[in-house]
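Asker: Need the 3D shape of this:
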Amino acid sequence: MMAIRSWTVAALMATAMTGCTRAAREPPEQPEPPVSSVGSRSYRMGFSVVPPKPDLKIALQSLDIWTRHADAAIMHLDVPWALVLAGTSPQDALRKDGVDLEHYYRSKHLQLVVTIDVTNGLGRESESPALVAAHRSITEPAVQRLYRDYVRALVDMLHPDYLGLAAETNLIRALAPRPVYNAVVRMANDAAADIRRSRSATGLPLYASVQVETAWGRLGGENQFAGIDQDLRDFPFVNIIGLSSYPYLGGFTDPDQIPLDYYTKVRGSRVLPLMVVEGGWPSASVRGVFSSSPAMQARYIARQSKLLDEVKAIAVFQLSFTDLDVGSFPKPVPAILPLFATLGLVDTRLRPKPVLATWDKIFARRLAH
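Answerer: Here you go, the predicted model:
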């Protein structure tokens, strides 16, 4: 339960989104967004275990708090390469990190979504640091078999309601060597075939998440819509679209600039359900990169609720419920971590930020099944 991992999935955006840098002047505070708690929502809402610091007690406190503001949970997992390469069974690896947390979520009656990450969340141009350290690669058939074994064990032991077999595939395709991307395609499709032998598409919906800013062509400032056609061709098992979105790193300086078709255009004419599996907007500025404020963060959550309504999304996940105490993380701390340090709905001392009230008003709406 101490796996502090999920923030790293987003961190590559800071490296990839070149051309987005701007002066970070503090924006003027604006009134709290007009959000109603009346009505219904089509989507479940939730978080993951990302505590403000590597401290088990605080992690448990955070977990206890955010489960009161959620009706779903997400686990964003790296394949435990070091363990499985050393001969640990996938089952034992999951008993070390996964099973207890799944039991806790079920005790809270939360729906569970799991995303498996097979490359480097800090940089989609490279492979997992654990594999690199072991001088191994997902291009090897033997390593791909370990991934498939892990996926089968995860399905049997964690019983996810939705499962992502890879993360941000369009970014991997854009940045990684072609053999690495081809390996991701092969691994994910083989794992999907394994799953489908025992579970139907309705019994366990599958996805490979895509990065929204990349789909819109905002990677590097091109600003030319690219879509996700290639992803759906390469991953034909997908029967739900998982989205990763950090608009403040894609050139948007204000949440109200995000077009209402931001998600619907990515889905296009397809009838596939959609969920946001990671994303957010910070509450503080980072000098020379972006400007933000607590009020702006609250307006993002309000704006996002409209984007979700437009596409009739089935879920949205804010990976970070708390801000991150950057100074408390083991050294060396990634230089890009501050770009994601204030995505939380509470601060590092678990005190509510204005955005939590906005979230709660949306959460109070009736969930329409």
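Asker: Asp254 versus the nearest residue to Ser36 once chain neighbours are set aside, what's the distance?
Answerer: Excluding its sequence neighbours, the residue lying closest to Ser36 (Cβ to Cβ, 6 or more residues apart in numbering) is Lys361, at 6.7 Å. The C-beta positions use only the backbone N, C-alpha and C, and glycine is treated the same way. As judged by Cβ to Cβ, to the nearest Å, Lys361 and Asp254 stand 21 Å apart.
Asker: before we move on, back to that, what about the helix or strand containing the residue nearest to Ser36, distance to the chain center?
Answerer: Lys361 is located in helix 354-363, with elements delineated by DSSP states H and E. Relative to its parent chain, helix 354-363 has a centroid offset of 20 Å by Cα atoms, centre = their mean, to the nearest Å.
Asker: got it, and stretch 316-331?
Answerer: Worked out by Cα atoms, centre = their mean, stretch 316-331 lies 13 Å from the chain centre.
Asker: which stretches of the stretch 101-250 of the chain have low pLDDT?
Answerer: Counting by pLDDT under 70, the stretch 101-250 of the chain shows low-confidence ranges at 122, 220-221.
Asker: Show me the helices in it, by range?
Answerer: 129-133, 141-158, 169-175, 178-196, 212-215, 229-234 (DSSP state H, counting those that start in this stretch).
Asker: Flag the shaky bits of the stretch 251-369 of the chain, pLDDT-wise.
Answerer: In the stretch 251-369 of the chain, no residues with pLDDT under 70.
Asker: what ranges do the helices span in it?
Answerer: 264-267, 294-311, 354-363.
Asker: The last one vs helix 294-311, what angle?
Answerer: What it means is helix 354-363. 20 degrees (axes from the mean of the first three to the mean of the last three Cα atoms, to 10 degrees).
Asker: could you say what helices and strands helix 354-363 packs with?
Answerer: Helices and strands touching helix 354-363, by 3 or more Cβ pairs under 8 Å, 6 or more residues apart in numbering; DSSP states H and E, are strand 44-47, helix 294-311.
Asker: Dump those into a markdown table; add mean neighbour count as well.
Answerer: Formatted as a markdown table, the helices and strands packed on helix 354-363 follow (neighbours: other Cβ atoms under 10 Å):
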| stretch | mean neighbour count |
| --- | --- |
| strand 44-47 | 24 |
| helix 294-311 | 22 |
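Asker: wait, which of these is closest to Met275?
Answerer: strand 44-47 (8.3 Å; Cβ to Cβ).
Asker: Pairing partners for the closest one, with directions?
Answerer: Its sheet considered, strand 44-47 pairs with strand 72-78 (parallel), strand 315-318 (parallel) by DSSP bridges.
Asker: Tell me the buried residues in the next helix or strand after that strand?
Answerer: Downstream of strand 44-47, the first helix or strand assigned by DSSP H and E is helix 56-66. Residues Ile58, Ala59, Ser62, Leu63, Ile65, Trp66 are the ones in helix 56-66 that count as buried (16 or more other Cβ atoms under 10 Å).
Asker: relative orientation of the helix holding Lys361 and helix 56-66 in degrees?
Answerer: Using the same axes, to 10 degrees, helix 354-363 lies at 40 degrees relative to helix 56-66.
Asker: In stretch 197-206, which residues have enough neighbours to count as buried?
Answerer: Those would be Leu204, Pro205, Leu206, for stretch 197-206 by 16+ other Cβ under 10 Å.
Asker: typo on my end, it should be stretch 313-331
Answerer: 313-326, 329.
Asker: nearest to Ser283, of the helices of the stretch 251-369 of the chain?
Answerer: When the helices of the stretch 251-369 of the chain are compared (using Cβ to Cβ), the closest one is helix 294-311, at 4.1 Å.
Asker: for the closest one, packing partners?
Answerer: strand 40-41, helix 264-267, strand 274-279, helix 354-363.
Asker: looking at these, which is closest to Gly98?
Answerer: Of all the helices and strands packed on helix 294-311, strand 274-279 comes closest under Cβ to Cβ, at 17.2 Å.
Asker: That closest one - contacts with which helices or strands?
Answerer: Counting by 3+ Cβ pairs under 8 Å, 6+ apart, the elements that strand 274-279 packs against turn out to be helix 7-16, strand 72-78, strand 111-117, strand 241-245, helix 294-311, strand 315-318.
Asker: 7 Å - rerun?
Answerer: Here strand 274-279 is seen to pack against strand 241-245, strand 315-318 when contacts are counted using 3 or more Cβ pairs under 7 Å, 6 or more residues apart in numbering; DSSP states H and E.
Asker: Format those strands as JSON lines; extra columns: distance to Thr115.
Answerer: Compiled in JSON lines, those are given as follows (distance: least, Cβ to Cβ, whole Å):
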{"stretch": "strand 241-245", "distance to Thr115": "7"}
{"stretch": "strand 315-318", "distance to Thr115": "9"}
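Asker: where's the residue nearest the centre of the chain relative to Ala315, distance?
Answerer: Closest to where the C-alpha atoms of the chain average out (Cα atoms, centre = their mean) is Glu278, at 2.6 Å. Computed with Cβ to Cβ, the distance linking Glu278 and Ala315 is 11 Å.
Asker: Arg152 contacts Arg196, correct?
Answerer: No. Using Cβ atoms under 7 Å, Arg152 makes no contact with Arg196, being 11.8 Å away.
Asker: the more surrounded of those two?
Answerer: Arg152 (17 against 14; other Cβ atoms under 10 Å).
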